[in-house]
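Participant: Following is a predicted model, sequence given first.
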Amino acid sequence: MKKSNLLLLLLLLPIWVITYLNLQPIADWLTYGVLNLNPDSHFAQSLNFFVFEVPKVMLLLVLIIFIIGIVRSYFSAEKTRKALEGKSLFTGNIMAALLGIVTPFCSCSAIPLFLGFVEAGIPIGVTFSFLIAAPIINEVALVLLIGLVGWKVAVIYVITGLIVAILAGFIIEKLQLQHYVADWVYQVKSGQQQIEEKAPTAEQRIQAGWNSVKEIVGKIWIYVIIGIAIGAGAHGYVPDNFLSEALGSQNWYSVPLAIVVGIPLYSNAAGIIPIVSVLLEKGVSLGTALAFMMSVIGLSLPEIIILKKVLKWQLIAVFVGVVALGIVLVGFTFNYLIFT
Amino acid sequence: MDIKVLGTGCSKCKTVEKTVQEAVQEMGIEAKIEKVEDMLKIMQYGVMRTPAIVINEQVVMSGQAPSKKEVIELINSNK
């Protein structure tokens, strides 16, 4: 990246802020002014929601993914593995879950990463803490939660996600399930050959941030738009508190139901959170919504199928069971203890 | 020259394979390109992030989908 590009980047920031702060007036002007729609009509409310939320979420995505892309250039799977080697159990679980947030991770790398960790002697439970935290707490989920639901819920989501990852990993380790890892895993002898890691320059880090914006936004924008479109439809047409009877905090079964429905639904955060934001608006309680979100993002059939290559089914069952239990506890905690 | 692309078949890995082929074609060099999908073999290279590129049995990149220009640079600096 050239100097002039860097300057351009710095100029873009104030433009970003001004645009962001004026999105609601622009959306109002478009729907009620240019299109002259009646503000009380369902259609106008849906359209206004859509025209406001899509650019808002896109702006947030670009900025936050850019920043996280730069942060991630300071981390790598290799460094994380080194940091986790020889850590005691509980400390190891906490560190693994925290590193799961910042280490660059893609589900297609889950298997080599798992093998690399096991080979380095990192306990299974610690490895699981990493593998649970990494997909659940990701920058896309963070952006969408901040943008569509609010920063308080985003913080709650991150903290409870971390707790689930730490405890689930800890329990899996305590259950002594090492022999339910596929036998060939322990025969893997990985070569010592490593790429020499040169610390990237500041320019390369900025480039890395920009690359991750292109890569991630390029992949998810369509899900964001579809998700917000569905959300916008519900926002305008479904009456408020429509779902509070069926899925409010009074019904104990709403949490397990949300999890069971969530597992086969395979969606990334981009598609699911706009819908969750509207569920909350229509009376679904926070605990149920959190449980649904974590279940959709954290427990998915494709991921289970990938893990089947390295784990026997007993361990997969325990993994799903323990994570689901953790999510149930999160759901109940928020439904009964905190927001009643 | 012997170039291997390590990866299990995710979309990124396929992209890298294609980029490498294009780079080799553009440079007009003689190179054998091979896609390695066997996890045991991939692990022997000490790679934890796929896709990875191996030139003459030396891992030169892992965990990224580089551009054609970057691949050409990698090939040039690892001849």
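Facilitator: Perfect, thanks for sending it.
Participant: so what's residue A:204 closest to, chain neighbours aside?
Facilitator: Nearest residue to residue A:204, sequence neighbours excluded (CB to CB, 6 or more residues apart in numbering or on different chains): residue A:73, at 7.3 Å. To be clear about C-beta, it is placed using only N, CA and C from the backbone, and glycine gets the same treatment.
Participant: Repeat that for residue A:233.
Facilitator: Excluding its sequence neighbours, the residue lying closest to residue A:233 (CB to CB, 6+ apart) is residue A:46, at 5.6 Å.
Participant: Repeat that for residue A:121.
Facilitator: Per CB to CB, 6+ apart, closest to residue A:121 is residue A:85, 6.7 Å.
Participant: Hmm, residue A:123 and the one you found touching each other?
Facilitator: No. Residue A:85 is beyond contact range of residue A:123, at 10.5 Å (criterion: CB atoms under 8 Å).
Participant: Looking at these two, which is more packed in?
Facilitator: residue A:123 (22 against 13; other CB atoms under 10 Å in any protein chain shown).
Participant: Return the distance of that one relative to chain B.
Facilitator: 17 Å (CB to the nearest CB, to the nearest Å).
Participant: And for residue A:134?
Facilitator: The gap separating residue A:134 from chain B is 13 Å, by CB to the nearest CB.
Participant: The strand or helix carrying that residue - what's its average pLDDT?
Facilitator: Using DSSP states H and E, residue A:134 falls within helix A:124-136. For helix A:124-136, mean pLDDT is 89.
Participant: ditto for stretch A:290-298
Facilitator: For stretch A:290-298, mean pLDDT is 85.
Participant: Correct me if wrong: residue A:68 contacts residue A:212.
Facilitator: Yes. Counting by CB under 8 Å, residue A:68 does reach residue A:212; the two are 7.3 Å apart.
Participant: List the contacts of the closest residue to residue A:158 other than its chain neighbours.
Facilitator: Using CB to CB, 6+ apart and skipping the chain neighbours, the partner closest in space to residue A:158 is residue A:137 (5.5 Å). For residue A:137, the contacting residues are A:100-101, A:157-158, A:161-162, A:165, by CB atoms under 8 Å, 6 or more residues apart in numbering or on different chains.
Participant: Can you pick out the most distant pair from the residues you listed?
Facilitator: Pairwise distances across these peak at 14.3 Å for A:100 and A:157 (criterion: CB to CB).
Participant: need the strands for chain B, in chain order.
Facilitator: Assigned by DSSP state E, chain B shows strands spanning B:2-6, B:32-36, B:52-55, B:58-62.
Participant: quick one, phi psi at residue B:51?
Facilitator: Backbone dihedrals for residue B:51, given as degrees, to the nearest 10, come out at phi -70, psi 150.
Participant: Now do the helices in the stretch 201-340 of chain A.
Facilitator: Applying DSSP state H, counting those that start in this stretch to the stretch 201-340 of chain A gives helices spanning A:202-237, A:244-247, A:254-262, A:269-281, A:286-298, A:301-307, A:313-332.
Participant: Among the contacts of residue A:137, which one sits closest to chain B?
Facilitator: The closest of the contacts of residue A:137 to chain B turns out to be residue A:100 (CB to the nearest CB; 14.3 Å).
Participant: got a list of what that closest one touches?
Facilitator: A:129-134, A:137, A:165.
Participant: Where does it sit: helix, strand or coil?
Facilitator: helix (DSSP: H, G, I helix; E, B strand; the rest coil).
Participant: Look at it and report its pLDDT.
Facilitator: For residue A:100, pLDDT reads 88.
Participant: Stretch B:36-53: which residues count as buried?
Facilitator: Residues B:36, B:39, B:42-53 are the ones in stretch B:36-53 that count as buried (16 or more other CB atoms under 10 Å in any protein chain shown).
Participant: and these, which two are the farthest apart?
Facilitator: B:39 and B:53 (17.1 Å).
Participant: Which secondary structure elements does the helix or strand in which residue A:78 is found sit against?
Facilitator: When elements are assigned from DSSP H and E, residue A:78 belongs to helix A:77-84. Packing partners of helix A:77-84 (3 or more CB pairs under 8 Å, 6 or more residues apart in numbering or on different chains; DSSP states H and E): helix A:89-102, helix A:110-119, helix A:124-136.
Participant: Can you list the low-confidence ranges for the chain?
Facilitator: I'll assume chain A. A:1-3, A:106-108, A:189-198, A:242-249, A:266-268, A:337-340 (pLDDT under 70).
Participant: Let me rephrase: I mean chain B.
Facilitator: In chain B (pLDDT under 70), the answer is B:9.
Participant: one more time with 90
Facilitator: B:1-2, B:6-19, B:21, B:23-52, B:55-79 (pLDDT under 90).
Participant: report the longest helix in chain B, please.
Facilitator: Determined from DSSP state H, the single longest helix within chain B is helix B:11-27.
Participant: Spatially nearest residue to residue A:215 (excluding sequence neighbours)?
Facilitator: In space, and not counting its chain neighbours, residue A:215 is closest to residue B:65: 7.8 Å by CB to CB, 6+ apart.
Participant: residues in contact with that neighbour?
Facilitator: A:215, B:12, B:15-16, B:19, B:51.
Participant: so which of the residues you listed would you say is closest to residue A:185?
Facilitator: Nearest to residue A:185 among these is residue B:51, at 21.1 Å by CB to CB.
Participant: Tell me the spacing between residue A:210 and chain B.
Facilitator: On the measure of CB to the nearest CB, residue A:210 and chain B end up 13 Å apart.
Participant: Around the closest residue to chain A within chain B, count how many other residues there are.
Facilitator: Nearest residue of chain B to chain A: residue B:10, at 3.2 Å (CB to the nearest CB). By other CB under 10 Å, 16 other residues sit near residue B:10.
Participant: was I right about residue B:51 contacting residue B:11?
Facilitator: No. Taking contacts as CB under 8 Å, residue B:51 lies outside contact range of residue B:11: 9.9 Å.
Participant: What's opposite the residue positioned nearest the centre of chain B in the beta bridge?
Facilitator: Nearest to the geometric centre of chain B sits residue B:53, at 2.7 Å (CA atoms, centre = their mean). Counting by DSSP bridges, residue B:53 is bridged to residue B:5, residue B:61.
Participant: on that earlier part again, ok, the residue nearest to residue A:204 - contacts?
Facilitator: Contacts of residue A:73 (CB under 8 Å, 6+ apart): A:200, A:204-205, A:208-209.
Participant: just the buried members of these?
Facilitator: Buried among the contacts of residue A:73 (16+ other CB under 10 Å): A:205, A:208-209.
Participant: Can you tell me which residues in the stretch 1-150 of chain A are near chain B?
Facilitator: Proximity of the stretch 1-150 of chain A to chain B, by CB under 8 Å from any CB of the partner chain, involves residues A:76-78, A:81, A:104, A:106, A:108-109, A:111-113, A:115-116, A:119.
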